[in-house]
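Novice: What follows is a predicted protein model with its sequence.
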Amino acid sequence: MAVFNRCLRTRVLAAVTPTTAFAYVIRTLSASCLRMNLGGDLKSASVLGQNPLHLKRELSGRNVQWVFLGCPGVGKGTYASRLSNLLGVPHIATGDLVRDELSSSGPLASQLKDIVNQGKLVSDEIIINLLSKRLEAGEAKGESGFILDGFPRTIRQAEILGGVTDIDLVINLKLRQEALLAKCLGRRICSECGGNYNVATIDIKGENGNPGMYMAPLLPPPQCASKLITRADDKLEVVKERLRIYNEMTQPVEEFYRSRGKLLEFDLPGGIPESWPKLLQALNLEDHENKRSAAA
């Protein structure tokens, strides 16, 4: 608790944006966790909720601060990235941060490899450490606002986030279980350019009053077709384990935001052509660039 009190006292006057405050506090949290070896029993984080007004600033005209929730493979990255481009705010995906760390020779790489290959959730401390570095790098480049994808995944993370900045909206993407499994197993990555694709054709027939669903594959361009690889964690048993853990640990986060009136539930009706316009409608947004492309 003393760590957080010192953090809040020494930084409050210097923090000029919510992103700066968030990055500073979670970096301090991560460092203190590692020094004290508290593991998963860090109860001191609740102190952030006791003094939230110090770091929450009402900034007129600031960019959106949104969060995407949803099961692994549901498409958070796809739609968060599109909204990021549309709104001009950074899309920060903790899954990408973990994969970047895995591909590096950093000290966390071997530890993360075992966690990811088993379909386990990466610990709060590691995620917070990676996220704080990304936020600080963005702050140095003049970034404002964010769309978070993959954070928070636990109530503790949600409390930390809410203690240092205001979240405007939480978008919870949902997809049928059978479609979700097929999507995860069909994901491919180009080993050369890093592009993300999906070779699965999902065609679910309507029955018992439930509508059908069709999702076309997202195939790579010819230059990438022979270079596709499967992610190590996209195996049936690993995918099922990830979904089980998500339902157990992350769904309470949905209720956390639902009870605060910030949760938007969105059932994906199909692939991007069907879902994107309806998501924009639910958000009261328009994609003028997309309309011009379709009319051309």
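Specialist: Looks like it arrived, so ask away.
Novice: any weak-confidence spans in the stretch 1-150 of the chain?
Specialist: Scanning the stretch 1-150 of the chain for pLDDT under 70 picks out 1-61.
Novice: the strands in it, which residues?
Specialist: Secondary structure of the stretch 1-150 of the chain (DSSP state E, counting those that start in this stretch): strands located at 65-69, 91-93, 146-149.
Novice: Also the stretch 151-296 of the chain?
Specialist: Listed in chain order, the strands of the stretch 151-296 of the chain (DSSP E, counting those that start in this stretch) span residues 169-174, 187-190, 196-198, 202-204, 213-215, 228-229, 263-267.
Novice: Under the pLDDT cut-off, which ranges of the stretch 151-296 of the chain? List them.
Specialist: Using pLDDT under 70, the stretch 151-296 of the chain drops low at 290-296.
Novice: mind redoing it with 80?
Specialist: The model of the stretch 151-296 of the chain has pLDDT under 80 over residues 164, 209, 232-233, 288-296.
Novice: would a markdown table of the strands of the stretch 151-296 of the chain with mean neighbour count and distance to Pro252 be doable?
Specialist: Bear in mind the C-beta positions are built from the backbone N, C-alpha and C, glycine included. Putting these into a markdown table (neighbours: other C-beta atoms under 10 Å; distance: least, C-beta to C-beta, whole Å) gives the following:
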| stretch | mean neighbour count | distance to Pro252 |
| --- | --- | --- |
| strand 169-174 | 20 | 12 |
| strand 187-190 | 20 | 27 |
| strand 196-198 | 18 | 29 |
| strand 202-204 | 16 | 29 |
| strand 213-215 | 20 | 28 |
| strand 228-229 | 14 | 34 |
| strand 263-267 | 15 | 12 |
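Novice: Distance to Ser110 added to the ones you listed, as CSV?
Specialist: Shown next, in CSV, are the strands of the stretch 151-296 of the chain (distance: least, C-beta to C-beta, whole Å):
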stretch, distance to Ser110
strand 169-174, 32
strand 187-190, 21
strand 196-198, 25
strand 202-204, 35
strand 213-215, 36
strand 228-229, 20
strand 263-267, 37
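Novice: Can you check which of these gets nearest to Ser104?
Specialist: With C-beta to C-beta as the measure, strand 187-190 is the member of those nearest Ser104 (16.6 Å).
Novice: what's that closest one packed up against?
Specialist: Other elements packing on strand 187-190 under the criterion 3 or more C-beta pairs under 8 Å, 6 or more residues apart in numbering; DSSP states H and E are strand 196-198, strand 228-229.
Novice: thinking again about what came up before, of the strands of the stretch 151-296 of the chain, which is nearest Glu237?
Specialist: Taking C-beta to C-beta, strand 187-190 is the member of the strands of the stretch 151-296 of the chain nearest to Glu237, at 15.6 Å.
Novice: gap between that closest one and the chain center?
Specialist: For strand 187-190, the separation from the chain centroid amounts to 19 Å (computed by C-alpha atoms, centre = their mean, to the nearest Å).
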